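Q: Here's my sequence, what's the structure:
(one chain, ligands or ions: 1)
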Amino acid sequence: MRKTLKITAFFIAFASALVFPALADRTNILPAWNLFSPQQDIEMGRILADDLERSLQLLDEHNANTYIDALGKQLIAHAPGNKYPYQFKIVNDDSINAWALPGGSIYVTSGLIQAAQNEPQLAGVLAHQISHVALRHGTAEVSQAYANRVSNSARGRVSVNDTMTRLNIRFEPGSTPLKYSSEEERQADIVATQILWDTGFDPRQMTQLWQTIVNDRSSRTSDFFNAHPQFSNRVATVRTEVQKLGGLPRNIRGDSPDFHSVKDTLLAGNTNAWPSISDRNANTGNRPELPSTRTVLYRGRDIEFRYPDNWRVSEEGDSISVAPDGGFVSGSMAWGMTIASFDPQGSRYFGSNSFANPGAPGARVDSTTLGNATDQLIAYLRQSNPNMRVVRNTERRRVDGAQAMVVELTSESPVGGTERDWLVTVLRPNGLLRYFVGVAPQADFSQYQRAFDQIVTSVRFMD
Ligand SMILES: [Zn+2]
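A: Next up is the predicted model:
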């Protein structure tokens, strides 16, 4: 009975939002704890920018550079927070990627501009990166890392140089401070929606570009995709914020001829002098060494596990890859294991969108089961991998004491032929589904099974 009342109250709140859109208000995001001053964001960003520009080649194309800077400047006029010295540059690379350094240096690849269908989509990527800067996610991540390392660090300021040396911080995609939590990604999507709206763009175009990236299953997109998982949740985040803003902006901006002339120039070539990032990481054609039976400990933000000592761990967003040298082929994992989180639908937030108590942290009502969440995950993985098939299902095991589910699948290997995928899922108390996928070509799978099992058996959750 009480449940019925609650649901009725929810619908009344929802209905009044439709009747009185003027009551709708934008989500206000509070800054996270940060050891650094905004000036230090700029200082750290400059060091990282030098680093980045030494390791990646900038595009030498006057019109394109002028264009991206002008588009970026229109957006930052509506950015919240400090007035950072924002700069927008193009990295000459066919892969699809974008980076935001603390203090305002923002980079997109020429491949990304080529993948965008119109100016609002490109503006969406820039707005998302601007939001990471404005919300100071980079130095918030560094602050956390510093606090985890150094006791009593919450007192007083620290020096940028000293912190960067201690924590070994340099420009490296997927490592601090370019590695954000899924909550930070959600915040960046919300603020990007607001910036786009205020600039007159249709924020939903941002999600159109993600759809293109999800559909393109080539190696060009894998880095961006790994750093920005949970596509369907992101679409919902943008849609919800647009509703809060009272629908689409009144005088909506369309496409621009400048965008297309820049895109055509890039597509016409003369920019291919530099091999793409994925090509530089490409496999040389040999199989990787078999997994060592000696293991080493990996200790992450909220998980630890042991893995073969001849494998390497890399992190992108919330996703962790553990793979041997040569485990990636054209940017896709062919041998190794991915550990990531998935937010199943069907768990609902009440509170954060409630008009009775706006801004209160949402209380989650959990209505998802492990089996249901796992089915959703498989459907989601299939979006980017239509050849994926379930071979064997519903084996149960435990991961760090919690009930887990094991599903065996097959799909297409990046080296050609059939790949075996060993999927283990665990539902966490926060409602997220943690999953582990061990992959290897069919013929090699039996030699990898033990390493996969060893990783999963050794997992300890710290969330
Ligand atoms: Zn992001």
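
Q: Excluding chain neighbours, what is closest to A140?
A: Among residues not flanking A140 along the chain, A32 sits closest, at 4.2 Å (Cβ to Cβ, 6 or more residues apart in numbering). Heads up, the C-betas are built off the backbone N, CA and C, glycines and all.

Q: Can you give me every residue that contacts that neighbour?
A: A32 sits next to L135, R136, H137, A140 when contact means Cβ atoms under 8 Å, 6 or more residues apart in numbering.

Q: Please apply the same query to V150.
A: Counting by Cβ under 8 Å, 6+ apart, the residues that V150 touches are R166.

Q: Distance check, it against S143.
A: Per Cβ to Cβ, to the nearest Å, V150 is found 11 Å from S143.

Q: if we can go back for a sec, mind putting the contacts of A32 into TSV with neighbour count?
A: Output for the contacts of A32, formatted as TSV (neighbours: other Cβ atoms under 10 Å):
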residue	neighbour count
L135	23
R136	23
H137	26
A140	23
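
Q: ok, and of those residues, which contact the ion?
A: When contact is defined as Cβ under 5 Å from the ion, the contacts of A32 do not meet the ion at all.

Q: In helices only, show me those residues.
A: Applying DSSP state H to these, the entries found in helices are H137, A140.

Q: Can I get the contacts of A32 in CSV including pLDDT and distance to L381?
A: Output for these, formatted as CSV (pLDDT from 0 to 100; distance: Cβ to Cβ, whole Å):
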residue, pLDDT, distance to L381
L135, 97, 29
R136, 96, 33
H137, 95, 27
A140, 94, 30
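
Q: Please name the spatially closest residue to E241 (chain neighbours excluded).
A: T193 (4.1 Å).

Q: Does that neighbour lie in a helix or a strand, and which?
A: helix 182-199 (DSSP states H and E).

Q: ok now the next helix or strand after that helix, how far from the chain's centre?
A: Next along the chain after helix 182-199, taking DSSP H and E as the criterion, comes helix 204-215. Helix 204-215 has its C-alpha centroid displaced from the chain centroid by 14 Å (Cα atoms, centre = their mean, to the nearest Å).

Q: could you give the mean pLDDT of helix 204-215?
A: Per-residue pLDDT over helix 204-215 has a mean of 81.

Q: Okay, buried residues for that helix please.
A: Within helix 204-215, the residues that count as buried by 16 or more other Cβ atoms under 10 Å are R204, Q205, M206, T207, Q208, L209, W210, I213, V214.

Q: thinking the residue nearest to E241 is in contact with V235, fair?
A: No - the criterion here is Cβ atoms under 8 Å, and T193 misses it with V235 at 11.2 Å.

Q: Looking at the two, which is more packed in?
A: Set side by side, T193 and V235 show more neighbours around T193, with 29 against 17, by other Cβ atoms under 10 Å.

Q: Who are the contact partners of that one?
A: T193 sits next to A127, P203, M206, T237, V238, E241, V242, L245 when contact means Cβ under 8 Å, 6+ apart.

Q: Could you do R234 as well?
A: By Cβ under 8 Å, 6+ apart, the residues touching R234 are E185, R186, D189, T207, W210, H228.

Q: Output the contacting helices and strands for whichever strand or helix holds V262.
A: Per DSSP H and E, V262 falls inside helix 257-267. Here helix 257-267 touches helix 62-76, helix 110-115, helix 119-134, going by 3 or more Cβ pairs under 8 Å, 6 or more residues apart in numbering; DSSP states H and E.

Q: Just tell me which of those ends up closest to S411.
A: helix 110-115 (23.4 Å; Cβ to Cβ).

Q: Now do that closest one, average pLDDT.
A: For helix 110-115, mean pLDDT is 92.

Q: again with stretch 168-175
A: pLDDT averaged over stretch 168-175 gives 80.

Q: how about TSV for the buried residues of helix 204-215, with distance to the ion added?
A: Output for the buried residues of helix 204-215, formatted as TSV (distance: Cβ to the ion, whole Å):
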residue	distance to the ion
R204	18
Q205	17
M206	11
T207	14
Q208	17
L209	13
W210	11
I213	13
V214	15
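
Q: quick check, nearest of those residues to S181?
A: Taking Cβ to Cβ as the measure, S181 lies nearest W210 of the buried residues of helix 204-215, at 18.4 Å.

Q: Around the residue nearest to K73 when sequence neighbours are not counted, how many other residues sit close by?
A: Of all residues not flanking K73 in the chain, Y86 sits nearest, at 7.3 Å (Cβ to Cβ, 6+ apart). Y86 sits with 21 neighbouring residues when counted by other Cβ under 10 Å.

Q: In contact with Y86, which residues?
A: G72, K73, I76, A79, G104, S105, I106, I130, V133.

Q: and it, what pLDDT?
A: 97.

Q: go on, F350?
A: Looking at F350, its pLDDT is 36.

Q: right, and the helix or strand after the helix or strand that contains I378?
A: According to DSSP H and E, I378 maps onto helix 370-383. Downstream of helix 370-383, the first helix or strand assigned by DSSP H and E is strand 389-399.

Q: Flag every buried residue along that next one.
A: Result for strand 389-399 [16+ other Cβ under 10 Å]: buried residues V399.

Q: Stretch 143-159 now?
A: S143, Q144, A145, Y146, V158.

Q: Show the average pLDDT along it.
A: Mean per-residue pLDDT for stretch 143-159: 78.

Q: Might you calculate how far it sits from the centre of the chain?
A: Mean-position distance between stretch 143-159 and its chain equals 25 Å (Cα atoms, centre = their mean).

Q: low-confidence ranges in this protein?
A: Low-confidence segments of the chain (pLDDT under 70): 1-24, 152-156, 174, 215-232, 270-286, 347-368, 394.

Q: my guess is V313 contacts V322, does it?
A: Yes - V313 is within contact range of V322, at 5.2 Å (criterion: Cβ under 8 Å).

Q: And those two? Which one has more around it.
A: Neighbour totals were compared for V313 and V322, and V322 leads with 24 against 16 (other Cβ under 10 Å).

Q: I figured that one hits F452, correct?
A: No - assessed by Cβ under 8 Å, V322 is found out of contact with F452, at 9.4 Å.

Q: Name the residues contacting each of those two.
A: Counting by Cβ under 8 Å, 6+ apart, the common neighbours of V322 and F452 are M337.
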